[in-house]
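>>> after the sequence you'll find the predicted model.
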Amino acid sequence: MGKKVKKEVEPPPKDVFDPLLIESKTAATVVLMLSSPEEEVLAKACDALYKFASKGDENKVTLLGLGAVEHLYKLISHEDPIVRRNAIMVFGIMASNHDVKKLLRELDVTNSLISQLAPEEDVVIHEFATLCLAHMAVEYTTKVQIFEQGGLEPLIRLLGSPDPDVKKNSVECLYLLVQDFQSRAAVRALNVIPPLLELLNSEYPVIQLLALKTLEVISKDRETRIILGENKGLDCLLKILEANEFSDLHVEALAVLGNCLEDVHTLQLIQQTGGLKKLLSFVGVSTVPDIQRNAAKAITKAAYDSENRKILNEEEVEKCLINLLEIDNDGVKVAASQAISAMCENLASKRAFGLQGIPQLVQLLSSDNEEVKEAAVTALANLTAASPSNARAVAEAEGIEPLVNTLNAQRDGAIANAATVLTNLAMQEPFRVNIQSHGIMSALAKPLHSTNSQVQSKAAFAVAAFGCDADARTELRSAGGLGPLIELLHSKNEEVRRNVCWAVMVCASDELTAVELCRLGALDILEEISLSTGHKNNFSEAALEKLLDNNLSQKYSQMGYLSSSNIITDGFYDCGQIKPGVKFLSLEELSMQELTDRRAVIFINAKPREDSMVSPMEEKQELSGQRSSLSKSSTREKGLRYYTLNYMCISLKGKGKKEEEKIKDVTQIISKVQDEINLGNSHWLPPPDFILLDYINDASKTVLPLTTTREQVVALAQFVADKMGGPIERDKLHDFSWELHISEIEFELKCNVVPIGKVKKGTFCHRALLFKVLGDRIGIGCSLVRGEYNRAWNEVKLVDDSPQGIAGLLLPPQEYIVDLMFEPGFLIKQGSAEADQYKHI
């Protein structure tokens, strides 16, 4: 640790006392002598106790038990300088013991010790008083006491003491004190920098080391760094680095420089004087891991500033950091990776690392050290962000497999950043396909169970990135990843909720996945989120809408709107508008309820059974309680193939090319609908509605052959009105007893669930629903909108066939409401007074 100057304690007069020889068995006697009124006895006793305590910690504990500390405390302020000096010597040597320090704090000795640091006091008193303070300053409460009792100023003054032990103890005490920010500011005001820099010239390495450590702590403050530069402290530090004889100080000198490099002005100054190039060169040739690690940390600190990154890039710091990745020391690899992460904010550096550093970082992903793995994958996450070329470099370096493996790492940071890198790579389709072949969705299932919000967020974001592929969604379902994904919708973290909503929205593109998401409660949770102003966001609304698009019955019930792209298929039902927060019941649950006087549930099912025809009586029995056998049926269902082929056979006879194309189109639509119907035989469906099936066949024969869409809309409207009771005069609308008719059907079926084909007297809501159902089956695009008081209407978009006054100009389509009640087939222009009247009559 360095040299120590030995000092002889002034011997007592030989003609008065012989030296006291104290053994442990007589220690108690000597402690009693500390109460003597004679100064020479006190001095001798203190000297003897000093020698006794110096022999080991056990002796210090013995003296503590004998009450020596309390007696000595009284003597450190004794008027006799010899007694005072010897008592403080004992304090200084005993204060290294933990229990002694505890008692000294209770006695509040710091004020008395500080008072002994006056310039006129003996140098030995200075030495042991500062030694005692240094031992005690380890504790936070003592730091506060020394600061509040004015101990900083005399300690700084003693840095200039001619005695090296006083210097050493004083700088050590200051090093401990400046760990507290209040003391750092105070020592700066007391001009501590010049004496600390002077200590760097000491012949004692321990003093130099403590001075550097103190400078490292106080240079964390920008104001101190400015003063350090003004006092040519940077030159001192660079000289230490250049001198081989100071190799034991290089680590600490680099740490101070690292703090200084945070300031743009300082970095520019070092660059202009050639010091930065020397520093990087020094790091390049050094073989000391601590030096290499501290150099990388210094670069990291400097790189937080954009101007500093530019300067470091000019000095080609990237080469230095890439070389450090090759060092066989985990600490160095971590520090170098962190520095690369910081430097990535500079685009030029990002490109440079992409050309050279990425293969080395990819290799580190296979490290046994989890910290190395985390630092490397974090650097890759920063390198590949918004950089397709770097993402390509990662793939070319065979980084995909180790990245997928890193999703099982032990550290949350590694997992989160691995998911980020994979997401960045997924922006390019070839890499996304490659990653999927490595089982990315199965690997993401575990991170979705994490309790770390950052991991949850990045994993959900990755699911959104890869969920655009149907095979990936299937893999996620099979791996059990949907469950934890849905649970994360409850997260209190806004970013997690947003990314999970995005992932749900993407996964809901797959109908099978959408059904599974709804089964797991996604729809209910998203509805809760939609009711919360604090949790609702654009992604939650989009996810809810996407799921509802695959659950049209619930969508219409909640939102009161189905667009032209929302194709109604068999199994759809209209149970009316439900209030927010009310559970949406399935058709099976509704059919099992007892007959009530509430609004009837209208269902759609034009799917005939293959095994046998169902008679009206059998239909009635199924709806009135014998429905369980239907859910157990294992028969295959052909859906709409029957009436599709039937229609094609009839209408192809004698039809022109245009009609054939229409028939081909509608066949494709029906085929698509049938695919949706064949979701699974396990889903409960009500008995087939053969009347509706006849409607579809009849509409196909009478409506489809018409030339224009406008004609088809009008014809379909008239068809619907005819089946639902015909046109109604406006002033006789209240006489149209459709409610009684529906009640009779419910009573007949002993059930609230009614097939739409049985409704012969339908009002707005029934007619609009039938129009939408038939339009979807035969290829007439229309929307379905629910109004108030059983109102509902259909909206269609039509292009004007003959633009007036503007020959040859194709006008945008106009939106119309289709009258199904009063003048069936009359098209009411949207936004007109007539339209408002139709909606609100």
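Looks like it came in fine.

>>> ok, and the closest non-adjacent residue to residue 406?
residue 418 (3.8 Å; Cβ to Cβ, 6 or more residues apart in numbering). Quick note: C-beta positions are derived from backbone N, CA and C, even for glycine.

>>> domains of the protein?
As assigned by the TED database, the chain contains the domains 439-550, 587-606+687-840.

>>> and the residue nearest to residue 406, which helix or strand is it part of?
helix 412-425 (DSSP states H and E).

>>> how about residues contacting the following helix or strand past that helix?
Per DSSP H and E, the first helix or strand lying C-terminal to helix 412-425 is helix 429-436. For helix 429-436, contacts defined as Cβ atoms under 8 Å, 6 or more residues apart in numbering pick out 391-392, 395, 400, 404, 422, 425-426, 465-466, 469, 471-472, 475.

>>> hmm, try it at 10 Å
With contacts defined as Cβ atoms under 10 Å, 6 or more residues apart in numbering, helix 429-436 is touched by 388, 391-392, 394-395, 400-401, 403-404, 422-426, 428, 440-441, 443, 462, 465-466, 468-469, 471-472, 475.

>>> pLDDT below threshold where in this protein?
Residues of the chain meeting the criterion pLDDT under 70: 1-25, 609-685, 801-809, 841.

>>> ranges for the strands of it?
All strands of the chain, identified by DSSP state E, fall at 561-562, 573-574, 601-603, 753-755, 783-786, 792-798, 814-818, 827-829.

>>> most tightly surrounded among those?
strand 573-574 (a mean of 25; mean count of other Cβ atoms under 10 Å).

>>> distance to residue 156 added to the domains of the chain, as JSON lines?
Formatted as JSON lines, these follow (distance: least, Cβ to Cβ, whole Å):
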{"stretch": "domain 439-550", "distance to residue 156": "45"}
{"stretch": "domain 587-606+687-840", "distance to residue 156": "82"}
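
>>> quick one: closest of those domains to residue 185.
With distances scored as Cβ to Cβ, the stretch of the domains of the chain nearest to residue 185 is domain 439-550 (34.7 Å).

>>> distance check, the residue nearest to residue 406 against residue 594.
Per Cβ to Cβ, to the nearest Å, residue 418 is found 56 Å from residue 594.

>>> which one of these two has more residues nearby?
Just comparing residue 418 and residue 594: by other Cβ atoms under 10 Å the higher neighbour count belongs to residue 418, 31 against 8.

>>> number of nearby residues for the spatially closest residue to residue 118 that is not a sequence neighbour?
Nearest residue to residue 118, sequence neighbours excluded (Cβ to Cβ, 6+ apart): residue 154, at 7.3 Å. Residue 154: 20 surrounding residues under other Cβ under 10 Å.

>>> quick one: residues contacting residue 154.
114, 115, 116, 117, 118, 119, 121, 126, 129, 130, 133, 170.

>>> and the third one, how close does it get to residue 767?
For residue 116, the distance to residue 767 (Cβ to Cβ) stands at 104 Å.

>>> the more surrounded of these two?
residue 767 (25 against 22).

>>> pretty sure the more buried one contacts residue 720?
Yes. Contact between residue 767 and residue 720 holds when scored by Cβ atoms under 10 Å: they sit 5.4 Å apart.

>>> all helices of the stretch 451-600 of the chain, in order?
For the stretch 451-600 of the chain, the helices defined by DSSP state H, counting those that start in this stretch cover 453-466, 470-478, 482-487, 494-507, 511-519, 522-530, 538-549, 552-559, 587-591.

>>> pull out the buried residues from the third one.
Looking back up the chat, that one is helix 482-487. 482, 484, 485, 486, 487 (16 or more other Cβ atoms under 10 Å).

>>> do the same with the shortest one
Of the residues in helix 587-591, those buried under the neighbour-count criterion (16+ other Cβ under 10 Å) are 587, 588, 590, 591.

>>> now, which of those sits nearest residue 550?
residue 587 (15.5 Å).

>>> does that closest one really touch residue 553, like I thought?
Yes. Using Cβ under 10 Å, residue 587 is in contact with residue 553, at 7.4 Å.

>>> report the set of residues contacting both of those two.
Here residue 587 and residue 553 have 571, 572, 573, 575, 601, 603 as joint contacts, going by Cβ under 10 Å, 6+ apart.

>>> what separation do you get for the fifth one and residue 347?
What that stands for is residue 601. From residue 601 to residue 347 the distance is 62 Å (Cβ to Cβ).

>>> what do you get for residue 335?
Counting by Cβ to Cβ - residue 335 and residue 347 are separated by 23 Å.

>>> one more: residue 91?
For residue 91, the distance to residue 347 - Cβ to Cβ - is 61 Å.

>>> so between the two, which is more surrounded?
With neighbours defined as other Cβ under 10 Å, residue 91 and residue 347 compare such that residue 91 has more, 30 against 12.

>>> OK, contacts around the more buried one?
46, 50, 53, 69, 72-73, 75-76, 100, 104, 109, 112-113, 116, 128-129, 131-133, 135-136.

>>> filter these to the buried ones?
For the contacts of residue 91, buried by 16+ other Cβ under 10 Å: 46, 50, 53, 69, 72-73, 75-76, 100, 104, 109, 112-113, 116, 128-129, 131-133, 135-136.

>>> gap between the residue nearest to residue 828 when sequence neighbours are not counted and residue 730?
Closest residue in space to residue 828, ignoring its immediate chain neighbours: residue 817 at 4.4 Å, by Cβ to Cβ, 6+ apart. Noted for residue 817: a distance of 15 Å to residue 730, by Cβ to Cβ.

>>> now for the buried residues of helix 482-487: which two are most distant?
482 and 487 (9.8 Å).

>>> overlap in contacts, the two.
With Cβ under 10 Å, 6+ apart as the test, residue 482 and residue 487 both reach 448, 520.

>>> and the helices of the stretch 451-600 of the chain as a markdown table, adding distance to residue 304?
A markdown table is the format used below for those (distance: least, Cβ to Cβ, whole Å):
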| stretch | distance to residue 304 |
| --- | --- |
| helix 453-466 | 20 |
| helix 470-478 | 38 |
| helix 482-487 | 35 |
| helix 494-507 | 23 |
| helix 511-519 | 42 |
| helix 522-530 | 37 |
| helix 538-549 | 32 |
| helix 552-559 | 49 |
| helix 587-591 | 60 |
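
>>> just so I know, which of those helices lies nearest residue 190?
Between these, helix 453-466 lies closest to residue 190; by Cβ to Cβ that is 43.5 Å.

>>> so how far is that closest one from its chain's centroid?
Mean C-alpha position of helix 453-466 versus that of the full chain (Cα atoms, centre = their mean, to the nearest Å) differs by 8 Å.

>>> same question for stretch 750-758.
Chain-centre distance of stretch 750-758: 50 Å, with Cα atoms, centre = their mean.

>>> ends of that stretch, what's the gap?
For stretch 750-758, the first-to-last residue distance is 14 Å (Cα to Cα, to the nearest Å).
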